[in-house]
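**Student:** Output the structure for:
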Amino acid sequence: MLRRYPWAGSLSTAHTVFYYQRYGKGVLRGLARRIRGGVIGARAATVAARFDLVAAADAEQAEARIWHHLVRERRQVSRAAYDALAAQLPSLRPKVRRYRIAAGEVPVAVALARRPAKGRRPSSRVNDLR
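**Tutor:** This is a model prediction of the structure:
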């Protein structure tokens, strides 16, 4: 099993430590007081993601399987061995998606707004609903 960071920032230990150093040890408590519901992320938001989250999660699981194979089964780790196994997997390509996110909920994909075709004017007909 791959371990998660035990820090509230979850980006990395260093980022969290730097934030504590700059704003003090009560920084997260202070942020929570200013946010509705007292939970960071409690208010739902719609955000753009550069990658499809389902495909990214699949890629993360595939990488975990590679590491499990190298560390637990083969008991030998090298860049060449990792590269050979990773080369067998499909590459994760950027695919812009929008997601509705909220604390404690699974992100939900929302439709991207369609842009009008370039060079087309809106209709000038009276009461046109297009």
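**Student:** got the contact list for residue 95?
**Tutor:** Counting by Cβ atoms under 8 Å, 6 or more residues apart in numbering, residue 95 makes contact with 51-52, 55. Bear in mind the C-beta positions are built from the backbone N, C-alpha and C, glycine included.
**Student:** I'd like those laid out as CSV, including distance to residue 80.
**Tutor:** Formatted as CSV, the contacts of residue 95 follow (distance: Cβ to Cβ, whole Å):
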residue, distance to residue 80
51, 27
52, 30
55, 26
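**Student:** which stretches of the chain have low pLDDT?
**Tutor:** Scanning the chain for pLDDT under 70 picks out the ranges 1-12, 35-41, 113-123, 127-130.
**Student:** what residues go with each domain of it?
**Tutor:** Domains of the chain are assigned by automatic domain parsing as 7-41, 44-105.
**Student:** okay, the contacts of residue 95 in JSON lines with secondary structure, neighbour count and distance to residue 84 next?
**Tutor:** Listed next are the contacts of residue 95 as JSON lines, based on DSSP: H, G, I helix; E, B strand; the rest coil; neighbours: other Cβ atoms under 10 Å; distance: Cβ to Cβ, whole Å:
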{"residue": "51", "secondary structure": "coil", "neighbour count": "15", "distance to residue 84": "24"}
{"residue": "52", "secondary structure": "coil", "neighbour count": "18", "distance to residue 84": "26"}
{"residue": "55", "secondary structure": "helix", "neighbour count": "14", "distance to residue 84": "22"}
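**Student:** Kindly indicate which of those lies nearest residue 18.
**Tutor:** The nearest member of these to residue 18, counting by Cβ to Cβ, is residue 51 at 26.3 Å.
**Student:** ok, that closest one to residue 96 distance?
**Tutor:** As for residue 51, its distance to residue 96 is 8 Å (criterion: Cβ to Cβ, to the nearest Å).
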